[in-house]
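In: sequence first, then the predicted structure, then my questions.
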Amino acid sequence: MRGKDVFDPHAAMNLTTNTNQILKIIAPISGQTQELKDVPDPVFAEKLTGDGLAILAESDTVLAPCDGEITLFFETKHAFAITTPSGIQVLVHVGLDSIILNGAGLEALHKAGDQVTAGTKIIKIDQQVIKAKNINMTSPVLIVNPEKVTAFHPLIGAKVMAGQDTVIEYCL
């Protein structure tokens, strides 16, 4: 784990029983993690679309953060959701204002209905297009249905590597 916050799931989530399975969401993109309340978009900062964290994206590939089925993929390629076998829906939003690109600079490598495993490449980012359009690459990673989660711990303030580092641990 890179960063100041290292997971101790039992301490962080105050797990009191052995019946709770600890589930993980890996970093879909490399960069620095931050709290949702610090995201300069009220939809995310006020957790209107779910709970999680944001990553100030630095890499050019977005990966699946968990195993499951891609159940939503926006035509503009700026966001997708994966539903896990246990019914948790994880949304990855690539950049805050990337929707204005209308898909330019974002190449979808999969589509809705595809089964994927954590670490599967989902979107390729053309950094030249992103930089030319001055897109804010703060990328929220959310659990859309947090009411199904009994314990939740996001990794905040850490430099993470896509496909390698766990950014959220949770229990059902």
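Out: Structure's in. What do you need?

In: and the gap between the closest residue to residue 106 other than its chain neighbours and residue 102?
Out: Residue nearest to residue 106 in three dimensions, not counting chain neighbours: residue 77, with 3.9 Å by CB to CB, 6 or more residues apart in numbering. Quick note: C-beta positions are derived from backbone N, CA and C, even for glycine. Separation of residue 77 from residue 102 (CB to CB, to the nearest Å): 9 Å.

In: between those two, who's got more neighbours?
Out: residue 77 (24 against 12; other CB atoms under 10 Å).

In: if we can go back for a sec, and the gap between the residue nearest to residue 106 and residue 99?
Out: 9 Å.

In: what about the strands in the chain?
Out: Using DSSP state E, the strands assigned to the chain run over residues 22-26, 31-34, 51-57, 61-63, 68-73, 79-83, 89-93, 106-108, 115-116, 121-125, 138-143, 151-154, 159-160, 166-171.

In: nearest to residue 44, out of the ones you listed?
Out: strand 138-143 (4.7 Å; CB to CB).

In: run the angle between the closest one and strand 51-57 for me.
Out: On the basis of axes from the mean of the first three to the mean of the last three CA atoms, to 10 degrees, strand 138-143 is oriented at 150 degrees to strand 51-57.

In: residues in contact with strand 138-143?
Out: Among residues not part of strand 138-143, those counted as contacts by CB atoms under 8 Å, 6 or more residues apart in numbering are 25, 27-29, 31, 34, 36, 39-41, 44, 49-57, 62, 65, 88-96, 149, 152, 167-168, 170.

In: so how far is it from its chain's centroid?
Out: Remark: strand 138-143 is offset 4 Å from the chain centroid, using CA atoms, centre = their mean, to the nearest Å.

In: neighbours of the closest residue in space to residue 25 that isn't next to it in sequence, how many?
Out: Leaving aside its sequence neighbours, residue 25 sits nearest to residue 168 (CB to CB, 6+ apart; 4.1 Å). Residues contacting residue 168 under the criterion other CB under 10 Å number 25.
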